[in-house]
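Q: What shape does this take:
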Amino acid sequence: MAQPWKIIESVPTDQGILQLRQRGERDFLITIGSQVLMNSLANRSEVVLGQLGCAHLKEQSNPRVLVGGLGMGFTLKAVLDTLPSTAGVVVAELNPVVSQWCRGPLAGLTAGAALDPRVTLEIGDVARLIRTSAAAGDDGQFDAIVLDLYRGPHAKTDHLDDPLYGLRAIRNAKGALKPLGVLAVWGEQYDESFVKRLKSVGFTVTTQRPGKGGYRHAVFLARLVTA
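A: Numbers count the residues shown, from 1 in each chain. Okay, here's the model as predicted:
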């Protein structure tokens, strides 16, 4: 018989009650309202996202990476495991309680990734941070931007004005990347329109569906192939 879920903490938000739940040593859920945002036992696509998004930086001196969305920290851990010790990683997370969870009850899942000295946590909107970085030019640019948000690109995304996946946002992301940079994006499913928008601004795009059989999430990798 499965153990019942224990509520570790509940926090009101504009979208509903944000909860951290646990059953067993390593089985956690984060929910908002009636929606499950993430499960600690299902993280394959998040790990692949972090690995592929930073694979080109393994041998680079002092790479700089932006991670949008902290979640349970699995993407961040994959990013850190891929990067050299000289890297700097900025994590943009909207809700400060999520960072508290990752540094507290969830820390054991990722060997304390959120506490890594390479990590700088910014509480705020990653779309705003990308716009600011693009406007700053060379001084604000990243070698990779990794977006792991609970809503990825989808068929109903506003093609022009969506703050993360619309055409204007994609142009901002391109401007926030250094030459040969990579934009890596998690999606619940493949979205052909998103791929077309990425290509239209000069990215070369590949996608992966990590895992075998059953329902598999999508990982979009958009590369700037010319310096």
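Q: mind checking how far the closest residue to Leu41 other than its chain neighbours is from Leu106?
A: Once flanking residues are discounted, Leu41 sits nearest to Asp27: 5.9 Å by C-beta to C-beta, 6 or more residues apart in numbering. (Glycine included, C-beta is placed from N, CA and C.) For Asp27, the distance to Leu106 equals 12 Å [C-beta to C-beta, to the nearest Å].
Q: Name the residues contacting each of these two.
A: Ser40 (C-beta atoms under 8 Å, 6 or more residues apart in numbering).
Q: residues contacting Gly88?
A: 62-65, 118, 120.
Q: What of Ser34?
A: Gly16.
Q: Pro210 now?
A: With C-beta under 8 Å, 6+ apart, Pro210 has these contacts: 44-45, 47-48, 216-217, 219.
Q: tell me which element it falls in.
A: Taking DSSP states H and E as the definition, one finds Pro210 inside no helix or strand.
Q: now Leu121
A: Leu121 belongs to strand 119-123, assigned by DSSP H and E.
Q: unless I'm mixing things up, Arg209 is touching Tyr190, no?
A: Yes: if you go by C-beta atoms under 8 Å, Arg209 and Tyr190 touch, sitting 7.2 Å apart.
Q: Quick check: end-to-end length of stretch 136-149?
A: 24 Å (C-alpha to C-alpha, to the nearest Å).
Q: Contacts for that stretch next, please.
A: Identification of contacts with stretch 136-149 by C-beta under 8 Å, 6+ apart yields 46, 49-50, 53-54, 56-57, 60, 63-69, 71, 75, 79, 90, 126, 130, 132-134, 164, 173, 175-178, 181-186.
Q: among the residues you listed, which are in helices?
A: When the contacts of stretch 136-149 are checked against helices (DSSP state H), the matches are 46, 49-50, 53-54, 75, 79, 126, 130, 132-134, 173, 175.
Q: Let me know the distance separating the most centrally placed residue in the chain from Ser61.
A: For the chain, Asp148 is the residue whose C-alpha lies nearest the centre (C-alpha atoms, centre = their mean; 2.3 Å). Per C-beta to C-beta, Asp148 is found 25 Å from Ser61.
Q: By mean pLDDT, flag the weakest helix or strand of this structure.
A: strand 35-39 (a mean of 92; mean pLDDT, DSSP states H and E).
Q: And that one, what does it pack against?
A: strand 28-32 (3 or more C-beta pairs under 8 Å, 6 or more residues apart in numbering; DSSP states H and E).
Q: Strand 35-39 and the strand it packs on, what's the angle between them?
A: Interaxial angle, strand 28-32 versus strand 35-39 (axes from the mean of the first three to the mean of the last three C-alpha atoms, to 10 degrees): 150 degrees.
Q: what does strand 28-32 rub up against?
A: So strand 28-32 is contacted by 5, 13, 15-22, 36-40, 71-72, 98, 101, 105-106, 109 (C-beta under 8 Å, 6+ apart).
Q: Now do it: distance to the chain's middle.
A: 17 Å (C-alpha atoms, centre = their mean, to the nearest Å).
Q: Could you pull up the mean pLDDT of it?
A: Regarding strand 28-32, the rounded mean pLDDT is 96.
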